[in-house]
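1. Give me a model of this one.
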Amino acid sequence: MSSSSNEKRGRLTRRQALGRAGRGLAGLTGLAYVAGGGAGNAADAATPEPASQAGRLGSEWGPAERLRVATCQFPVSDKIAENAKNIRDFLRQAAKAEAHLLHTSEASLSGYAGIDFFSFQGYDWNALRKETAALGEEAKKLGLWLVLGSAHFLDAKTKPTNCLYLIDPQGRIVDRYDKCMCTPSDQKHYSSGNRLMTRDIRGVRIGLAVCYDICWPQIYMAYREKGVTLMLHSFHNARGKGPNCLDVLAVRQVPTRCADNRLWAVANNSSQPYSHWGSFVARPDATIARQLKRNQPGLLIHDFPDGLSEGGWFHNAQPLKLRDDAIMTWGTPSHHPRQADGQAEP
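-> Have a look, this model is predicted:
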């Protein structure tokens, strides 16, 4: 990939970007299943699949609480209120399924600049703030965590970030991940992120990532070194003209990153046709546990800590370590205080 001088100045190395995070690993036993959400359909809505003994790392890890993750897909658009209604409906469905967290796709509330709408010129930031606050109140009412795909305003002269807000069951934004690896198209509309984000929820350490991050192996490696066992990875591989390499890229790369780093991942997508793949859960034995159908709204439920597939095993006995000069951002981050503050309001 060629890069401009601005891109070179905007690159951030691992030494600069890794930051601080606590230690700890979750235990690794559990079960998983898919549930159709409302109008959605599961590709394989089968009985719960028990974790195999091969998926258990041993009693030395001790017991862990269950974290039930719901991930949703719907046709993300430029209509903020319509996106919010979809997310609100899935929050309620997740609560009925006794999930602890709802995970949404990239730009699920804001819409995706350059794809769902042309640019942020004239964008209704007040509407986005209003709906973000309302979704926080709904999460509080239901007692759920929410990983909310959106855009984070910096100022009128600075490109926003492509972000995931982490909203706690009290309805508060407790942290935010800004997409670190931005495509050339992204860079026309967004400032790049410059830090990773982890959180321990019910004994499971999660990490957040967005779309193009998957093409950079160092992102998952860095999260593994922070003690993450579960990646919540939001994508927007939708609104395509038809089949292309994206139909297979994510469903191969995500399980490979998991196998390389002994991680689990929940990867979701917009279902706006043409959607290149349906949301899925990947395991570190390189298998996909469950997957929703493309082009259709749906809700997927999966319990963590998780095991491996029946007959699965770990493939990487000694995961690679990051170089200190590994590139951890692609594009140009801003130095805006609202980007540095992970709890800044939208």
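
2. switch to C-alpha atoms for all contacts and neighbour counts from now on
-> Will do.

3. so how far is the helix or strand harbouring Leu164 off the chain centroid?
-> Assessed by DSSP states H and E, Leu164 sits inside strand 161-167. In terms of CA atoms, centre = their mean, to the nearest Å, the centre of strand 161-167 is set 9 Å apart from its chain centre.

4. elements contacting that strand?
-> If you count contacts as 3 or more CA pairs under 8 Å, 6 or more residues apart in numbering; DSSP states H and E, strand 161-167 packs onto strand 145-152, strand 173-178, strand 204-210.

5. What ranges does the stretch 201-346 of the chain have for its helices?
-> With DSSP state H, counting those that start in this stretch applied, the stretch 201-346 of the chain shows helices at 217-225, 246-261, 337-340, listed in chain order.

6. just to revisit the earlier point, point out the most buried one among the helices and strands packed on strand 161-167.
-> strand 145-152 (a mean of 27; mean count of other CA atoms under 10 Å).

7. got a list of contacts for it?
-> By CA atoms under 8 Å, 6 or more residues apart in numbering, the residues outside strand 145-152 that reach it are 100-111, 136, 139, 160-169, 234, 346.

8. pull the CA atoms of that strand into PDB?
-> Written as PDB, here are the backbone C-alpha positions of strand 145-152 (Å, rounded to 0.1, in the frame of the first residue of the first chain):
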ATOM      1  CA  TRP A 145     -24.100  -2.800  28.500                       C
ATOM      2  CA  LEU A 146     -24.100  -1.400  25.000                       C
ATOM      3  CA  VAL A 147     -21.300  -1.200  22.400                       C
ATOM      4  CA  LEU A 148     -22.600   1.500  20.100                       C
ATOM      5  CA  GLY A 149     -21.200   2.100  16.600                       C
ATOM      6  CA  SER A 150     -21.300   5.800  15.800                       C
ATOM      7  CA  ALA A 151     -19.200   8.900  15.000                       C
ATOM      8  CA  HIS A 152     -17.600  11.100  17.600                       C
END
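
9. Check which residues of stretch 183-191 are buried.
-> 186-187, 189-191 (16 or more other CA atoms under 10 Å).
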